[in-house]
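# Just the structure for this:
(one chain, ligands or ions: 1)
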Amino acid sequence: MMEQVELLERVRAYDPHASEDLLSRAYDFSVAAHGSQTRESGDPYYLHPVEVAGILTDMKLDADTIATALLHDTVEDTLATLEQIEGQFGSDIARLVDGVTKLSLIEMPHTEETRQAENFRKLVLAMSNDIRVLLVKLADRLHNMRTLKFVKSGGKRRRVALETMEIYAPLAERIGMHHMKDELEDLAFAELRPEARETVLSRLKFLREQGSDLVPRVTEHLQETLEAASIRASVTGREKRPYSIWRKMERDNVSFEQLSDIMAFRIVVGKTEDCYRALGVVHARYPMVPGRFKDYISTPKRNNYRSLHTAVIGPEQNRVEIQIRTQEMHQLAEYGVAAHWQYKQHADHIDGNQYRWLRELREILENASNPQEFLEHTKLEMFSDQVFCFSPKGELIALPRGATPVDFAYAVHTDVGDTCVGARINGKLAPLRSQLKNGDQVEILRSADPSPSPIWENFVITGKARSAVRRFVRKQQRSQYRELGRAIVKKAVRETNRRLTNETMRRALKSLGRRSLEDLYIAVGSGDIDKATVINAIYPDPTVRQRAGKILSRMRPRIGSAKDRTDPVPIRGLMSGVAVHMAGCCHPLPGERIIGILTAGKGVTVHTIDCEALEQFNDMPERWLDVSWDASTYPHQMHVGRIETVLSNTPGSLSRLTTVIANHRANISNLKITDRSSDFYEFLVDIEVKDVAHLTGILAALRAESAINSVERVRG
Ligand code: MN
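Just a heads-up that it's a prediction; the model follows:
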């Protein structure tokens, strides 16, 4: 058990400048706050934060993080307050402690659904806006797992173990901390599947007895082989952990009897070139097991893990796994982001390609001003792991997990996607709906003409492929409508037995408000205009003209009223005949990026692309429609935008508000007081505007008014 002096010594060993005063005060504060509390093991409670701090010293973390670890349970579990911590330790440490406390308060939903687990991991990541918060949380969890056996309630033990397996071990892996991930998994495995773990252990024991001292013998052998090739390397070997053996058995469906590669060896060398030299020597000396070689140096994992992996039939005729890496790669593999943190103390390394996902995460968290990018590129794709596939030319294409050859084709180029008719994966013909795996080589078979199938929409998973397929299908639909419309008009004209000149047609187009003949055909083909209306416009004899005029004058005011199903909806990207509603949460306006959400029986609800309400549809990509405003229609319509404004409670301030809005030719459709104090009024105002630019202009003018304290658009 570690006490104050030892903890200080450990920090001092890697950071001689760490503040001893800070650490001592945090230690004393924690001991005093936890007082006589005990853990279920019977130990004094304060030893838990000390152990957590100790785990973090293994990762050589900075003094603020160690202090945070010492204080991490004080706010939640004792009478100490965040204000006290801020007063005594400053705002940085208070912020970190607050972050850890908040993480402890969220509980994973009790559900077996893996999607839930992923969402929960996202939540934990999103809440750990300082990576050190996550590191303290992981260390906390590790110590709780090490002492899990003392927890009396079986239900609680199971819940904690399950949460560890599904949430915290994957998070540790994601930030590159393999060491911690392995231990967390194994401790959880012991709780969740004790009998399975026991079987693995007894098999390991048996294999060990068969070939005693196998690990040291193979280690020595590898070392000698490398030395003979004059490669300076340090070789270490170990038995794999029971959980990783168990998972391998489950995954590869091998029985215990077949289970032979239970040992893993690591060759650590000086330079990157040496990794490949060592690999060459190993493969020359021992037969390699096909299909097991992976080059994570030229293609690092998403968490920046780099190593060469291979498996060979080793010197004792056993299958052994070998990882080859440099010392630097090794540090990163063991301690991941924490190793990175050490470098960061000297220089800001978070740029460059180090921890790309972490940088993206930080950017998103810090840069809320770019919500479109957030939704379009990152939110949907960043958190799901990627697969890396190769084109026949060796080009590396990164795709979200679950991507298909069609996604691949569109990622290469839209034309490749549009003309895709089949695919070869690793040289073999494969269905277009196959899910690609890491390292697959994908060759797309193409036709001369574009022919995307609407069915693809059911299985493609990248936004690019989906919208390209939709766009093509819409275009095709348009050309079908055009042909149909042309046939209807021609037949109707023939039936009148009258002459048709270009001049009469031009006039008819004008009176029908159509820009081109093609436009008219599409309108007729899709049923927007019936053939009688067209004939009346072409041959406007007095009686017919009157009738047609009536129809037109009835139609005009209604054009663009989005509520009316038969009128043109000012939005592109919809199936014809579908009801459209503007979402009441975000009040989308023309000129803004928008997304349609399909609801069975209700139609399409249009949201702005950054509307918070879209969150709840994240896992239902099939309901998302790529839609956009139709610039040719919307200038004729008014749309409701909602603003929130605070006015000073002085005579005339409200009239300034309404005057400015009226001067901008906009109409107030609703006005509501939401708060009222002696100094200020707060209003919600609904304004009918042409588009987002119109509203922005009004907002700018309102901000210039002295009686208007603040004014913001309401969204979500
Ligand atoms: Mn704790």
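
# contacting residues around residue 518?
Under the criterion of Cβ atoms under 8 Å, 6 or more residues apart in numbering, the neighbours of residue 518 are residue 482. (Each C-beta comes from the backbone N, C-alpha and C, glycine too.)

# if I look at it, how far off is residue 131?
As judged by Cβ to Cβ, to the nearest Å, residue 518 and residue 131 stand 57 Å apart.

# And for residue 252?
In this view, residue 252 and residue 131 are 34 Å apart by Cβ to Cβ.

# Between the two, tell me which one has more neighbours.
Neighbours around residue 252 and residue 131, counted as other Cβ atoms under 10 Å, are more numerous at residue 131. The numbers are 20 against 9.

# neighbours of residue 35, just the number please.
When neighbours are defined as other Cβ under 10 Å, residue 35 has 11 of them.

# doesn't residue 143 make contact with residue 51?
Yes. Because the distance of 4.8 Å satisfies Cβ atoms under 8 Å, residue 51 is recorded as touching residue 143.

# And residue 308, its phi and psi?
Main-chain torsions, residue 308, degrees, to the nearest 10: phi -100, psi 140.

# Quickly list what it is bridged to.
residue 295, residue 324 (DSSP bridges).

# contacting residues for the nearest residue to residue 232 once chain neighbours are set aside?
Of all residues beyond its chain neighbours, the one nearest residue 232 is residue 270 (6.3 Å), with distances taken as Cβ to Cβ, 6 or more residues apart in numbering. Applying Cβ under 8 Å, 6+ apart to residue 270 gives the contacts 232, 326, 327.

# which one of those residues sits closest to the ion?
residue 327 (33.0 Å; Cβ to the ion).

# Mind telling me what element residue 587 is part of?
Assigned by DSSP states H and E, residue 587 falls within no helix or strand.

# How about the backbone phi and psi for it?
The phi/psi pair for residue 587 (degrees, to the nearest 10) reads phi 50, psi 70.

# what about it, distance to residue 614?
If you go by Cβ to Cβ, the gap between residue 587 and residue 614 works out to 14 Å.

# Within range of the ion, give me the residues from the chain.
73, 140 (Cβ under 5 Å from the ion).

# Wait, residue 625 touches residue 603, no?
No. Residue 625 is beyond contact range of residue 603, at 10.8 Å (criterion: Cβ under 8 Å).

# buried sites along stretch 447-455?
By neighbour count with 16 or more other Cβ atoms under 10 Å, stretch 447-455 contains the buried residues 450, 452.

# Now do the host helix or strand of residue 673: distance to the chain's middle.
Taking DSSP H and E as the criterion, residue 673 maps to strand 667-676. In this view, strand 667-676 has its centroid 38 Å away from the chain centroid, taken as Cα atoms, centre = their mean, to the nearest Å.

# burial measure for residue 330, as a count.
Residue 330 has 18 neighbours, counted by other Cβ under 10 Å.

# Against the ion, how distant is residue 313?
For residue 313, the distance to the ion (Cβ to the ion, to the nearest Å) stands at 46 Å.

# surely that residue meets residue 283?
No. Look at residue 313 against residue 283 with Cβ under 8 Å: they stay out of range, at 11.2 Å.

# residues touching residue 495, list them.
Taking Cβ under 8 Å, 6+ apart as the definition, residue 495 has no contacts.

# if you set the cut-off to 10 Å instead, what comes out?
Neighbouring residues of residue 495 by Cβ atoms under 10 Å, 6 or more residues apart in numbering: 531, 535.

# Just the mean pLDDT for the helix or strand harbouring it, thanks.
Using DSSP H and E, residue 495 maps to helix 463-496. In this model, helix 463-496 has a mean pLDDT of 81.

# Renumber starting at 22 from here on
OK, 22 is where the count begins now, so the last one is helix 484-517.

# buried stuff in that helix?
484, 486-491, 493-494, 498, 502-503, 505-507, 509-510, 513-514.

# now swap in stretch 696-706 and tell me
Within stretch 696-706, the residues that count as buried by 16+ other Cβ under 10 Å are 702, 703, 704, 706.

# Helices of the stretch 172-321 of the chain, start to end?
For the stretch 172-321 of the chain, the helices defined by DSSP state H, counting those that start in this stretch occupy 175-184, 190-195, 199-213, 215-231, 235-249, 263-273, 293-306.

# still on that earlier bit, after the helix holding residue 516, next one along is what?
helix 523-533.

# and that following helix with helix 484-517, angle?
In terms of direction (axes from the mean of the first three to the mean of the last three Cα atoms, to 10 degrees), helix 523-533 departs from helix 484-517 by 120 degrees.

# between the helix or strand that helix 523-533 is followed by and helix 484-517, how big is the angle?
Per DSSP H and E, the first helix or strand lying C-terminal to helix 523-533 is helix 538-546. For helix 538-546 against helix 484-517, the angle by the same axes, to 10 degrees is 90 degrees.

# now the helix or strand following helix 538-546, how far from the centre of its chain.
Remark: after helix 538-546, the chain's next helix or strand is helix 552-559, criterion DSSP H and E. Put simply, helix 552-559 sits 53 Å off its chain's centre (Cα atoms, centre = their mean).

# Convert helix 552-559 to PDB, retaining C-alpha atoms only.
Extracted in PDB, the C-alpha atoms of helix 552-559 (Å, rounded to 0.1, in the frame of the first residue of the first chain):
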ATOM      1  CA  LYS A 552     -53.600  18.300 -69.600                       C
ATOM      2  CA  ALA A 553     -56.800  20.400 -69.800                       C
ATOM      3  CA  THR A 554     -54.900  23.300 -68.200                       C
ATOM      4  CA  VAL A 555     -52.200  22.900 -70.800                       C
ATOM      5  CA  ILE A 556     -54.600  22.900 -73.700                       C
ATOM      6  CA  ASN A 557     -56.400  25.900 -72.400                       C
ATOM      7  CA  ALA A 558     -53.100  27.800 -72.200                       C
ATOM      8  CA  ILE A 559     -52.100  26.800 -75.700                       C
END
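
# coming back round to it: got TSV for the contacts of residue 291, with pLDDT, distance to residue 431 and neighbour count too?
TSV is the format used below for the contacts of residue 291 (pLDDT from 0 to 100; distance: Cβ to Cβ, whole Å; neighbours: other Cβ atoms under 10 Å):
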residue	pLDDT	distance to residue 431	neighbour count
253	92	47	12
347	93	37	19
348	89	41	12
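
# For the nearest residue to residue 688 once chain neighbours are set aside, give me its contacts.
Spatial nearest neighbour of residue 688, excluding adjacent residues (Cβ to Cβ, 6+ apart): residue 709 at 4.5 Å. Applying Cβ under 10 Å, 6+ apart, one finds that residue 709 lies in contact with 658-662, 682, 686-691, 715-716.
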